[in-house]
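Peer 1: need coordinates for the following:
(chains A and B)
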Protein chains: 2
Amino acid sequence: MKTALIQQQWLQNKETMRKRTVKMIAEASKAGAELVVLQELHQGPYFCQYEDTNLFDLAEDFEEDVRFWSGIAKENGVVLVTSLFEKRAPGLYHNTAVIFEKDGSVAGKYRKMHIPDDPGFYEKFYFTPGDLGFEPIETSVGRLGVLVCWDQWYPEAARLMALKGAEVLIYPTAIGWFDQDPEDEKKRQRDAWVTVQRGHAVANGLPLIAVNRVGFEKDESGVLDGIHFWGTSFVCGPQGEMLATASTDSEEILYCDIDLKRSEEVRRWWPFLRDRRIDAYEGLLKRFID
Amino acid sequence: MKTALIQQQWLQNKETMRKRTVKMIAEASKAGAELVVLQELHQGPYFCQYEDTNLFDLAEDFEEDVRFWSGIAKENGVVLVTSLFEKRAPGLYHNTAVIFEKDGSVAGKYRKMHIPDDPGFYEKFYFTPGDLGFEPIETSVGRLGVLVCWDQWYPEAARLMALKGAEVLIYPTAIGWFDQDPEDEKKRQRDAWVTVQRGHAVANGLPLIAVNRVGFEKDESGVLDGIHFWGTSFVCGPQGEMLATASTDSEEILYCDIDLKRSEEVRRWWPFLRDRRIDAYEGLLKRFID
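Peer 2: Here you go, the predicted structure:
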């Protein structure tokens, strides 16, 4: 399965950004990509750097956004993983991945389940935690275990997707550094982010795709400087082996041929699912066991 | 907390092996180690390469083994993590980690929960799956989340230890290559092993210690050549950052100062436990969701 990961910097304007993304999708499609994955909230800035009720306006066009990306998927004949700001009802919004089939139909959607909230990442203000569960999405290129950003730190999410038959794990994401952090701390953070995801691939015998934003985005509130998104979009195989990695500083289409059949082989060697102690996992449903 | 990981090759004889281990523990203690971790089934060969009822004899001395290592812990004033073959009743055996306090008392034990069974690793024949659950062991150096080998591939085990307040994850282990495997496959396997464990450290904000056997052990049944244990014992911190790594080919005492307080800081930055979706994890208690 030829896959294209589209890593982008924010171009300060939705129209300009969309045009650029569309151009990159067309290029990927021409290059033979069947599956195209976009980064988290790819139509706009990473707007969660501060809390402002006016920013809910960004979700007003959700229906139109869906129609727009449906058209793009169809035009280019690709399965397309988008990441949109969904208005579901007044005062009820989600961080939602909408997945389109090659004919433009909606193959399925996933509402981000784990919602972070940290200085510069005020997502609990904007996004209601998802209520669609962890359900892989059936498409013509395979069963896609689409998760979003903060989900990538949770082995539970990856495992549930695997138990429901996902053939690949996919994470549109937006993560970066604060420029004032020391270099060694930056390295630890980026390595941790790559490592925990490679770990999910290993534990579940599944390939994994992560697409991250790149470049600096100012905190318009002035409280912090802003976030320097670290790019590094990557694909790894079912042993966690790195298959492709993008740069830390540039817009990029990262291509990767993913062999979904390799999981069969790897899981025969390392049949982790066989030996899970489901009789002893009940504590996983608790917040903490004290 | 100054920690010593004792990575060893099998010396063909229990008495010789014990003497060597004891000497290394004494050296580690003199060097200031408070916690000493031994490799999986450190008193003997990795005997699970073939199935032979006579090999249950190796568990006959379990009570004496416990007394012996109790004495060594006391003599050296260290918290000692051992890995023994436990006879519990005729026909009922476990792969059991016994943890000793500095005064030689038994701080607790853990019976390996996830049992592998693959060509060259016929553990389901020898070891009844553990029935003590995933319970951290309280010691004078901290709350130890001791797991064993195959457990290291399971995010569930690490998470349960974290939810029960473990302050460090510890894995005595025995894993290696078959010499006839191609070099790139060997690399993938070893990397996967390191990566999945570093992933547990990241996901749980905990430091992690893995102690592996090293050197070649012949398959006495002649069915396979034998296993080349790949060493690579290591310690990583709560961001998965590598703190110390042993060689792939030699006996070694690997020292590492582990700062248990760092977890507090890392978990404040990345409060993963806060956002777990325990309302949506029920599927984790299923074998597969089809």
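
Peer 1: which residues touch the strand or helix carrying residue A:6?
Peer 2: Assigned by DSSP states H and E, residue A:6 falls within strand A:2-7. Under the contact criterion C-beta atoms under 8 Å, 6 or more residues apart in numbering or on different chains, strand A:2-7 has outside partners A:21, A:24-25, A:28, A:31-39, A:42, A:209-214, A:231, A:233-235, A:244, A:246, A:250-258. Every residue, glycine included, has its C-beta placed from N, CA and C.

Peer 1: and those, which are buried?
Peer 2: Neighbour counting with 16 or more other C-beta atoms under 10 Å in any protein chain shown marks A:21, A:24-25, A:28, A:33-39, A:42, A:209-214, A:231, A:233-235, A:244, A:246, A:251-254, A:256, A:258 as buried within these.

Peer 1: quick check, central residue of chain A?
Peer 2: Centroid-nearest residue in chain A, with C-alpha atoms, centre = their mean: residue A:172, separated by 1.6 Å.

Peer 1: assign that residue to helix, strand or coil.
Peer 2: Put simply, residue A:172 is strand when judged by DSSP: H, G, I helix; E, B strand; the rest coil.

Peer 1: could you do residue A:67 as well?
Peer 2: Residue A:67 - assigned by three-state DSSP - is helix.

Peer 1: can you name the residue of the stretch 51-200 of chain A nearest to chain B?
Peer 2: Residue nearest to chain B within the stretch 51-200 of chain A (C-beta to the nearest C-beta): residue A:199, separated by 2.1 Å.

Peer 1: give the contact list for that residue.
Peer 2: Residues in contact with residue A:199 (C-beta under 8 Å, 6+ apart) are A:155, A:240, B:155, B:195-200, B:202-203.

Peer 1: in the lengthiest strand in chain A, what counts as buried?
Peer 2: If you go by DSSP state E, chain A has its longest strand at strand A:79-89. By 16+ other C-beta under 10 Å, the buried positions in strand A:79-89 come out as A:79-87.

Peer 1: quick check: next helix or strand after that strand?
Peer 2: As assigned by DSSP H and E, the chain's next helix or strand after strand A:79-89 is strand A:92-100.

Peer 1: parallel or antiparallel, which strands does the helix or strand just after that next one pair with?
Peer 2: Toward the C-terminus, strand A:92-100 is succeeded by strand A:106-111 as the next helix or strand (DSSP H and E). Strand A:106-111 sits in its sheet next to strand A:92-100 (antiparallel), going by DSSP bridges.

Peer 1: report the angle between the strand it pairs with and strand A:79-89.
Peer 2: Interaxial angle of strand A:92-100 relative to strand A:79-89 (axes from the mean of the first three to the mean of the last three C-alpha atoms, to 10 degrees): 160 degrees.

Peer 1: can you give me the end-to-end span of stretch A:270-288?
Peer 2: Length of stretch A:270-288, first residue to last, C-alpha to C-alpha, to the nearest Å: 30 Å.

Peer 1: contact residues of the stretch 51-200 of chain A facing chain B?
Peer 2: Residues of the stretch 51-200 of chain A found near chain B (C-beta under 8 Å from any C-beta of the partner chain) are A:113-116, A:118, A:129, A:133-134, A:150, A:153-160, A:163-165, A:188-189, A:191-192, A:195-200.

Peer 1: ok, residue A:147 touching residue A:170?
Peer 2: Yes: using C-beta atoms under 8 Å, residue A:147 is in contact with residue A:170, at 7.0 Å.

Peer 1: of these two, who's got more company?
Peer 2: Neighbour comparison, residue A:147 and residue A:170: the larger count goes to residue A:147, with 30 against 27 (by other C-beta atoms under 10 Å in any protein chain shown).

Peer 1: for that one, give its distance to residue A:169.
Peer 2: Note on residue A:147: its distance to residue A:169, by C-beta to C-beta, to the nearest Å, is 7 Å.

Peer 1: okay, and the common contacts of those two?
Peer 2: A:158, A:161.

Peer 1: which ones are touching residue A:110?
Peer 2: A:96-97, A:99, A:130, A:132, A:135, A:137, A:146-148.

Peer 1: again but with residue A:181, I slipped
Peer 2: The contact partners of residue A:181, taken as C-beta under 8 Å, 6+ apart, are residue A:189.

Peer 1: and it, what helix or strand is that in?
Peer 2: Under the criterion DSSP H and E, no helix or strand holds residue A:181.

Peer 1: just the pLDDT at it, thanks.
Peer 2: At residue A:181, the predicted lDDT confidence score is 95.

Peer 1: how much space between it and residue A:258?
Peer 2: 33 Å.

Peer 1: tell me the bridge partners for the closest residue to residue A:60 other than its chain neighbours.
Peer 2: In space, and not counting its chain neighbours, residue A:60 is closest to residue A:87: 6.2 Å by C-beta to C-beta, 6 or more residues apart in numbering or on different chains. For residue A:87, the beta-bridge partners under DSSP bridges are residue A:93.

Peer 1: surely residue A:87 and residue A:64 touch.
Peer 2: No: taking contacts as C-beta under 8 Å, residue A:87 lies outside contact range of residue A:64: 11.1 Å.

Peer 1: tell me the helix or strand right after the helix or strand hosting residue A:143.
Peer 2: Following DSSP H and E, one finds residue A:143 within strand A:142-146. For strand A:142-146, the following helix or strand on the C-terminal side (DSSP H and E) is helix A:155-163.

Peer 1: what packs against that following helix?
Peer 2: Helix A:155-163 is packed against strand A:142-146, strand A:168-173, helix A:183-204, helix B:155-163, helix B:183-204, with contacts defined by 3 or more C-beta pairs under 8 Å, 6 or more residues apart in numbering or on different chains; DSSP states H and E.

Peer 1: the closest residue to residue A:119 other than its chain neighbours: what secondary structure?
Peer 2: Closest residue to residue A:119 apart from its sequence neighbours, by C-beta to C-beta, 6+ apart: residue A:224 at 6.6 Å. Taking three-state DSSP as the rule, one finds residue A:224 in the coil state.

Peer 1: same check on residue A:260?
Peer 2: Once three-state DSSP is applied, residue A:260 turns out coil.

Peer 1: tally of neighbours for it?
Peer 2: Residues within reach of residue A:260, counting by other C-beta under 10 Å, total 15.

Peer 1: so what's the residue of the stretch 51-200 of chain A closest to chain B closest to, chain neighbours aside?
Peer 2: residue B:199 (2.1 Å).

Peer 1: and the one you found, what's its pLDDT?
Peer 2: At residue B:199, the pLDDT value in this model is 98.

Peer 1: and the gap between it and residue B:249?
Peer 2: The spacing between residue B:199 and residue B:249, counted by C-beta to C-beta, is 25 Å.

Peer 1: now do residue A:170
Peer 2: Where residue B:249 is concerned, residue A:170 sits at a distance of 39 Å (C-beta to C-beta).

Peer 1: equivalent analysis for residue A:73, please.
Peer 2: 52 Å.

Peer 1: higher neighbour count, the two?
Peer 2: With neighbours defined as other C-beta under 10 Å, residue A:73 and residue B:249 compare such that residue A:73 has more, 26 against 15.
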